[in-house]
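>>> Pasting a predicted model and its sequence here:
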Amino acid sequence: MISADFAPNESSSDAYAALLMLVRPWRWRKGKAIGRLKQKLKRIFGPYEVFLYLTGRAALYRVLQALSLAENSEVAVQGFTCEAVVLPLIELKLKPLYIDIEPQTFSMDIEDLKRKITPQTKVLVLQHTFGMLPKNREKILAFAKERDLLVIEDLAHGFYSFSSKTIDTKPQRSILLLSFGRSKSLSSVFGGAILSADEMVNKKLKEVEKASSYPSATFVWKALWYKPMAFFIKKTYDVYLGKVVHAVLNILQVVPREVSPIEKRGEFDPIFIKAYPNALAHLLLNQFKQFDQINANRLYAVSQYKSHFFKNKETSKPEPLIRFPLLSQDREKVIVTAKRKNLFIGRWYDQVVGPKELPLEKLGYQTGSCPVAENICSKILNLPTTVSQKEAERVLDIVALEAS
């Protein structure tokens, strides 16, 4: 089984780390792992204050709440994103201002931003889609500074390209958003962070942090079990045992869903607005130990995919993307063909605000307002990159003919 969506990062080491923590319930909520994780993030990103949350959407909710924006203030977001970005805005009675994207890095189009911005626009969420540095990042940051917009750089898809380049990442009011969900660049099953250099925001976030409650012991127990179960399922899926176990666990809902049923109705789910427990920090630190190898595998896969699908075109230098985006005129045929061979291709994003089940009218999106994003959503598929070299070659063997 090779999958862009299901447990792409999980290894035997992750399964073992989770099993060790399962038998130490006294360390599930509080412990030294949280402090070590904060120090790790500070070493990567520099002198930011680090605030940890149960999910990326909780992190975004808390930082927007700390800004104390007036009701109906606009937050500029791109029209190629997910519910985790938009639902916190709506819950806080803020208005998402949807900006179209440019097709090279699937990030915000600065010209569309300039056309749509209003005096009510106060915040801009700059998404690094698939972990790519946005094509117009420097221009957008300069424009935001000119218009006095607070920029939240959304690094939920990955931060390798961001943190590895010599760029000014720490302006006076810089805020970074990270996510550690199960399908993200690094996974602790659930998790998110805000890294902030804004003193006013930091003061408010510290107050909230002290009063935040942890998820229940049952929630943590289920999250810990995800890693060994996911590793077992992936290893035995091709001989059908994993397929059966996966189906049974889905029916029983042993692990909380990444997107809850409430969220799929286009409503904010407060169940995720919790503090980040020590047990999950322990899992994330274990993933950091493997980060160099994970990125090496991703870089190899991206290089192979690029050399095949774009061999006659000038492209940017390969980066260790969380997924490899590819446009196909016959997406469904490619996905179905691959699935028959236990290759599960992703669909980020097959709707301007994913997943597909979301009712866009509830999210304030007007059809036709982001035409480039809508066109890409109808064609895009994502090849898995967190794979071994042998698996990357197998992906190409399966997909190449259908997707060409």
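Structure's in. What do you need?

>>> Identify the residues contacting Ala33.
Taking Cβ atoms under 8 Å, 6 or more residues apart in numbering, we find Ala33 in contact with 27, 278-279, 281-282, 285. All C-beta spots, glycine's among them, are computed from the backbone N, C-alpha and C.

>>> Now do the strands in the stretch 151-300 of the chain.
Counting by DSSP state E, counting those that start in this stretch, the stretch 151-300 of the chain has strands at residues 175-179, 192-196.

>>> Can you check the contacts of Ala33 and name whichever has the most neighbours?
Counting neighbours by other Cβ atoms under 10 Å, Ala279 comes out on top of those with 29 neighbours.

>>> got a list of what that one touches?
21, 27-29, 31, 33, 220, 223-224.

>>> How about the closest residue to Trp348 other than its chain neighbours: which residues does it bridge to?
Once flanking residues are discounted, Trp348 sits nearest to Asn382: 5.3 Å by Cβ to Cβ, 6 or more residues apart in numbering. Under DSSP bridges, the beta-bridge partners of Asn382 are Pro325, Gly346.

>>> Read off the pLDDT value for Asn382.
pLDDT for Asn382: 97.

>>> Quick one: neighbours of it, just the number.
For Asn382, the neighbour count with other Cβ under 10 Å is 19.

>>> doesn't Ala4 make contact with it?
Yes. Look at Asn382 against Ala4 with Cβ atoms under 8 Å: they come within range, at 5.0 Å.

>>> Where do the domain boundaries of the protein fall?
Domain assignment of the chain by automatic domain parsing yields the ranges 26-211, 290-403.

>>> In helices, which of the contacts of Ala279 fall?
21, 33, 220, 223-224 (DSSP state H).

>>> hmm, back to that, can you say which of the domains of the chain is packed in most?
Among the domains of the chain, domain 26-211 has the highest mean neighbour count (mean count of other Cβ atoms under 10 Å), at a mean of 20.

>>> Tell me how far that domain lies from the chain's centre.
Here the centre of domain 26-211 is set off from its chain's centre by 11 Å, with Cα atoms, centre = their mean, to the nearest Å.

>>> Could you shift the numbering so residue one becomes 53, and keep it that way?
Got it, the first residue is 53 from now on, which makes the last one we talked about domain 78-263.

>>> quick one: terminal-to-terminal distance for it?
Terminal residues of domain 78-263 lie 20 Å apart, using Cα to Cα, to the nearest Å.

>>> Identify the contacts common to Asn434 and Ala56.
Contacts common to Asn434 and Ala56, judged by Cβ under 8 Å, 6+ apart, are 375, 397-398.

>>> coming back round to it: got CSV for the contacts of Ala85, with distance to Leu351 and pLDDT too?
Below are the contacts of Ala85 laid out as CSV (distance: Cβ to Cβ, whole Å; pLDDT from 0 to 100):
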residue, distance to Leu351, pLDDT
Arg79, 35, 97
Asn330, 32, 98
Ala331, 31, 98
Ala333, 27, 98
His334, 27, 98
Leu337, 23, 98
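
>>> Which members of the residues you listed are positioned in helices?
Using DSSP H, the contacts of Ala85 in helices are 330-331, 333-334, 337.

>>> Format those residues as a markdown table; extra columns: distance to Lys94.
Converted to a markdown table, the ones in helices among the contacts of Ala85 look like this (distance: Cβ to Cβ, whole Å):
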| residue | distance to Lys94 |
| --- | --- |
| Asn330 | 18 |
| Ala331 | 21 |
| Ala333 | 14 |
| His334 | 18 |
| Leu337 | 14 |
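
>>> quick one: which of these is nearest to Val241?
Distance ranking of these against Val241, using Cβ to Cβ, places Ala331 first at 9.7 Å.

>>> In the stretch 353-456 of the chain, what residue spans correspond to strands?
375-379, 395-396, 405-406, 432-436.

>>> Ok, which of those strands comes nearest Asp164?
So among the strands of the stretch 353-456 of the chain, strand 405-406 is nearest, using Cβ to Cβ, at 16.3 Å.

>>> so where's the stretch 153-302 of the chain uncertain?
Flagging of the stretch 153-302 of the chain using pLDDT under 70 yields the residue ranges 215-225.

>>> if we can go back for a sec, redo the strands of the stretch 353-456 of the chain as CSV? Include distance to Ser65.
Listed next are the strands of the stretch 353-456 of the chain as CSV, based on distance: least, Cβ to Cβ, whole Å:
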stretch, distance to Ser65
strand 375-379, 22
strand 395-396, 23
strand 405-406, 30
strand 432-436, 19
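
>>> Next, the angle strand 244-248 makes with the helix or strand where Gly87 lies.
Gly87 belongs to helix 84-97 when elements are defined using DSSP states H and E. Using axes from the mean of the first three to the mean of the last three Cα atoms, to 10 degrees, the direction of helix 84-97 lies 50 degrees away from that of strand 244-248.

>>> check contacts around the nearest residue to Val297 once chain neighbours are set aside.
Closest residue to Val297 apart from its sequence neighbours, by Cβ to Cβ, 6+ apart: Ile285 at 5.5 Å. Contacts of Ile285 were listed using Cβ under 8 Å, 6+ apart, and they are 53, 58-59, 294-295, 297-298, 301.
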